[in-house]
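Colleague: Coordinates only, no sequence provided:
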């Protein structure tokens, strides 16, 4: 052999930021402002946390949970568990108690770090969590552990106090697990995706590519995507590797607060779901002169597709690039990204031409394979026309669920993503829909996502959600739920007419329902399962079928 | 297990450029101008070459040689051998016939691709190369194989003609070898470094990091560093992954020609040794209005340290950043890089402060470990003062030489680099010297590199080379060989006085010798071994010792 067989461990990457940029900052929002600490301090505290966990009997391969917002202590928990070979199970704070109970017990977490404000939820759950021996409460200033019913509770500061600040990390197998995230499926129990050192090492390197998120030490990164959602899209690791300044919003996610944080801290790159950027836009529009966002350069946007109109607004109003990404928990999560300048020559193309591509899911990251398949598992041509199931494979793609293999989610070594879409001749992936949200009408498919994006591009419309409703003749027909902006006056007919500019007649929604709210999933996506269930509970009937109910 | 165990094969990266940017160009300089082909054509031709090699009996693990300049066909050879699992042994065209004979026989190359202009050298060598069964001549337009004494010769175009353009690459072990490069050591036979898929995969990803070379699809890359030198610093692979435009100078390396090529093709990033950039500077200075270099952004500079004065000149005159790198064939080669903006906050520092750091070897790339050790193999503090041997380890670092382990070049799993240096409190590596070129005087070390950089910063001095000469009392004393620029008038005393501003009296050269030429190694570095040998052959004696020779 010619080259060293160094295992690809996260501990080899995540110490780098603190080493080369010890004074780079990690800023966390608080109830009254912000608090800040350096990378050197963060690394020292992470080593102390590892020492405390070791003393608590947690060792290589054991699982601990975090029930926490994005904060410096959450970064320390990532750092400590990576280094010591413990598996960090990040608990989604927005899950139902039923799902939380299931995932903590399924993972058999031995210890949970819980943010002070979330203690009441944990207290209510705790009697049903027999595997959890200890609760570490991440206090905001002071916290009296005598006031909680959580057994064996200790504050975070007491827990790590006095531990050494420079532990030597063990050598691990590069396939050793380091993280665990459950996806809240639409049917059945949540399924766990177990992340591994090697996979996350490669994913971290990918995030740092110029032609990916272009993350650099010089960035000030504000990860709004929760650190419990697909490991914060891997951003905490990439930041630890590069030493960029990090700004963490904790639980303070109101748009005005976020806008102020981004302005005050000179954020250059932020990351979150489209609803965050829609909210931020509204906050900026309502007070155009309040926030100085001149340092902001780009917003990475994932979870669901941002409307092109939103991409255009950020570029034209603020000179900010929305980088659309596509991926999922099972993909670590990064699959594709769509940049304003993505290929050689793009710098000479018109911005209108670029907006079209920025509205697509993007180009595949190096090292992954992806294709679109028909019902016989044959790959479809990249003609921008033919829609099929998207399969993906590669070194940071899940190959089975944690203690719950689910072989029907895989085809050979391909992950069946559950998204349907097409690939155009320029190799851009275009997502049509979640396969379960695609609307089948008269033997043809209608993309709910395409309809939603078209509706949202109308001035005055804040959000749109298109779902299928059963139809005796056509199988399914689309119905649109729409939230109007304040003072907006848009009629049903105007919406349908607007859609008719780009859609065939048979693809137009049968009805537009104006609503005040669209339910969201725990990861901030529109919850179409609940939308459909609500319509059913309300006895909704398609206009064409009204009065015929008793006939059927 | 949770994540797929996809082997890290170069074939997973190098098809990406042709897939996403099929029309991106690869431009090769010719005797009369340039020729150009697309990535799609290059990929198709690479697959054809693989088919032809297979038909010639070359299979997984076999070794073939290239005796070629940087050209589209050389890129095709990289691509084809990577895909099919063949080992590409890039032969340094500047090696002596004796060394070439040794390395071809040591590697047992079965076939050699040879550029038409280099056929005479190969004809002279061929009788001593029993393992080579076939020679493929890369013709410039037409070549009559009847005119060569090379046995079983075929032209490249005839060789690949009619082969399929889309071969499916085999699955390989990720530790399978893919390249072989011999270093021309100063003692003994050349030593081979065997590159592997996994190591080069990781190295390729690293080159694409924003905080590394920042290579992007939007770049127009001109790799001047020969593709036979540490696999062209890995740039051909990174370019194939990203799809950036490539500009290859072939054998046309005259500074004016390079400057014209860079201007005509809109090169944004080039890579080469300091002597190239010194030559380019002279060409630009002699005709300041001739070359439009407005698109050029950065020059990656390795092999030896560029003088700070050169870094300043490029920045102040052209707005071009010289990115100093440090590495070696045994390191794939990338170890450290020094960027103008490297850490958070650098963007706010003064350019003069940045020039100081840009003059250092730089910051360590993610995933590597590096330290400076004393004679007892203890790591030295990072105080910017204490000088020791530099050791490095990591996934793209050599762990033994090909069929020639050389255990004394390693300490445990560390590669002993043969360079001596120090690390400053900001974690910048500073190279003092090659360990064999460091000058030991009165028990203290003098860095020849530091003296050279100080001398070259004097106006009118083109190049400086400082070597040790034996001294009966002090062990060794420094002597400087200096090349003056045209019309420059600088005296020995002025040079010594200038050095006295920064060096202690005992560190100053005992003598300055004005010369017309300084011999270079096959990789373009100053050949101090030959300089010392020439001084000895000329009977050189230090000034202080003259007239005492017979007394000794």
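Modeller: Thanks, I have it. Keep in mind that this is a model prediction, so the values were computed, not measured. Residues are numbered from 1 along each chain as shown, chains lettered A, B, ... in the order given.

Colleague: so who does the spatially closest residue to residue A:518 that is not a sequence neighbour touch?
Modeller: Excluding the flanking residues, the one nearest residue A:518 by Cβ to Cβ, 6 or more residues apart in numbering or on different chains is residue A:465, at 4.8 Å. C-betas here are computed from N, CA, C, even on glycine. Going by Cβ atoms under 8 Å, 6 or more residues apart in numbering or on different chains, residue A:465 touches A:448, A:452, A:480-482, A:518, A:526, A:528, A:531.

Colleague: Are we agreed that residue A:465 is in a helix?
Modeller: No - counting by DSSP: H, G, I helix; E, B strand; the rest coil, residue A:465 falls outside a helix, being strand.

Colleague: Widest-spaced pair of the contacts of residue A:465?
Modeller: Across these, no pair lies farther apart than A:482 and A:528, at 14.4 Å, counting by Cβ to Cβ.

Colleague: if we can go back for a sec, restricted to helices, list the contacts of residue A:465.
Modeller: Judged by DSSP state H, the subset of those located in helices is A:448, A:452, A:528, A:531.

Colleague: Same list (those) but as TSV, adding pLDDT and distance to chain B.
Modeller: Formatted as TSV, the ones in helices among the contacts of residue A:465 follow (pLDDT from 0 to 100; distance: Cβ to the nearest Cβ, whole Å):
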residue	pLDDT	distance to chain B
A:448	90	28
A:452	92	28
A:528	90	28
A:531	93	32
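
Colleague: average pLDDT across the helix ranked longest in chain A?
Modeller: If you go by DSSP H, chain A has its longest helix at helix A:39-55. Taken as a whole, helix A:39-55 has a mean pLDDT of 98.

Colleague: about what we covered before: any chance of the contacts of residue A:465 in JSON lines with neighbour count as columns?
Modeller: Output for the contacts of residue A:465, formatted as JSON lines (neighbours: other Cβ atoms under 10 Å in any protein chain shown):
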{"residue": "A:448", "neighbour count": "24"}
{"residue": "A:452", "neighbour count": "24"}
{"residue": "A:480", "neighbour count": "25"}
{"residue": "A:481", "neighbour count": "25"}
{"residue": "A:482", "neighbour count": "25"}
{"residue": "A:518", "neighbour count": "19"}
{"residue": "A:526", "neighbour count": "23"}
{"residue": "A:528", "neighbour count": "22"}
{"residue": "A:531", "neighbour count": "20"}
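
Colleague: Check the residues you listed against residue A:47 and report the nearest one.
Modeller: Once Cβ to Cβ is applied, the member of the contacts of residue A:465 that ends up nearest residue A:47 is residue A:526, at 41.8 Å.

Colleague: where does that closest one land on pLDDT?
Modeller: 88.

Colleague: looking at the sheet around it, what are its partners?
Modeller: Here residue A:526 shows beta-bridge partners residue A:520, assigned using DSSP bridges.

Colleague: what does residue A:481 give?
Modeller: Going by DSSP bridges, residue A:481 is paired in beta bridges with residue A:465, residue A:513.

Colleague: Can you give the distance of the helix or strand of chain A with the lowest mean pLDDT from its chain's centre?
Modeller: Least confident helix or strand of chain A, by mean pLDDT, DSSP states H and E, is strand A:444-446 with a mean of 82. On the basis of Cα atoms, centre = their mean, to the nearest Å, strand A:444-446 sits 28 Å off its chain's mean C-alpha point.

Colleague: If you count contacts, what does it end up packed against?
Modeller: Where contact means 3 or more Cβ pairs under 8 Å, 6 or more residues apart in numbering or on different chains; DSSP states H and E, strand A:444-446 is packed against strand A:439-441.

Colleague: how does it look with 7 Å?
Modeller: Packed against strand A:444-446 by the contact rule (3 or more Cβ pairs under 7 Å, 6 or more residues apart in numbering or on different chains; DSSP states H and E) you find no helix or strand.

Colleague: Okay, now the sheet partners of it, with direction.
Modeller: strand A:439-441 (antiparallel).

Colleague: residues of the strand it pairs with that come out buried?
Modeller: For strand A:439-441, the neighbour count (16 or more other Cβ atoms under 10 Å in any protein chain shown) marks A:439, A:441 as buried.

Colleague: next one: it to chain centre, how far?
Modeller: The answer for strand A:439-441 is 28 Å, by Cα atoms, centre = their mean.

Colleague: can you list contacts of it?
Modeller: A:446, A:448, A:468, A:474-478, A:506 (Cβ atoms under 7 Å, 6 or more residues apart in numbering or on different chains).

Colleague: Now, of the residues you listed, which are buried?
Modeller: So, by 16+ other Cβ under 10 Å, the buried ones in the contacts of strand A:439-441 are A:446, A:448, A:468, A:474, A:476-478.

Colleague: returning to that earlier point: which residues are in contact with the longest helix of chain A?
Modeller: Contacts of helix A:39-55 (Cβ under 7 Å, 6+ apart): A:15, A:17-18, A:21-24, A:26, A:64, A:72, A:75-77, A:79-80, A:83-84, A:86, A:159-160, A:163-167, A:243.

Colleague: again with stretch A:78-91
Modeller: By Cβ under 7 Å, 6+ apart, stretch A:78-91 touches A:10-11, A:14, A:43, A:46, A:49-50, A:53-54, A:58, A:60-67, A:77, A:100, A:103-104, A:107, A:109, A:169-170, A:172, A:176-181, A:227-228, A:231, A:236-237, A:240.

Colleague: So which of those sit within strands?
Modeller: A:63-67, A:177-181 (DSSP state E).

Colleague: From those residues, pick out the ones that also neighbour chain B.
Modeller: residue A:177 (Cβ under 7 Å from any Cβ of the partner chain).

Colleague: biggest separation within the ones in strands among the contacts of stretch A:78-91, which pair?
Modeller: A:67 and A:177 (19.5 Å).

Colleague: residue contacts, the residue of the stretch 101-250 of chain A found nearest chain B?
Modeller: Proximity of the stretch 101-250 of chain A to chain B (Cβ to the nearest Cβ) peaks at residue A:194, 3.1 Å away. When contacts are counted by Cβ under 7 Å, 6+ apart, residue A:194 touches A:177, A:180, A:402, B:2.

Colleague: Quick check: which of these has the minimum pLDDT.
Modeller: residue B:2 (91).

Colleague: Which helix or strand contains the closest residue to it other than its chain neighbours?
Modeller: Distances taken as Cβ to Cβ, 6+ apart put residue A:194 closest to residue B:2, at 3.1 Å, once the chain neighbours are dropped. Residue A:194 is part of strand A:191-196 when elements are defined by DSSP states H and E.

Colleague: distance between that strand and the chain's centre?
Modeller: With Cα atoms, centre = their mean as the basis, strand A:191-196 stands 15 Å off its chain's centre.

Colleague: likewise stretch A:17-36?
Modeller: Worked out by Cα atoms, centre = their mean, stretch A:17-36 lies 23 Å from the chain centre.

Colleague: contacting residues around the residue in the stretch 1-150 of chain A that chain B sits nearest to?
Modeller: Among the residues of the stretch 1-150 of chain A, residue A:2 lies nearest to chain B; the distance is 3.1 Å by Cβ to the nearest Cβ. Residues counted as contacts of residue A:2 (Cβ under 7 Å, 6+ apart) are B:177, B:193-196, B:398, B:400, B:402.

Colleague: before we move on, the earlier item: list buried residues within the contacts of stretch A:78-91.
Modeller: Neighbour-count burial (16+ other Cβ under 10 Å) is assigned, among those, to A:10-11, A:14, A:43, A:46, A:49-50, A:53, A:58, A:62-67, A:77, A:100, A:103-104, A:107, A:109, A:169, A:172, A:176-181, A:227-228, A:231, A:236-237, A:240.

Colleague: Let me know the secondary structure of residue A:70.
Modeller: Secondary structure, three-state DSSP: residue A:70 is coil.

Colleague: cool, residue A:222 as well?
Modeller: Strictly by three-state DSSP, residue A:222 counts as strand.

Colleague: correct me, but it touches residue A:272?
Modeller: No - with contacts counted by Cβ atoms under 7 Å, residue A:222 stays clear of residue A:272, the gap being 8.7 Å.
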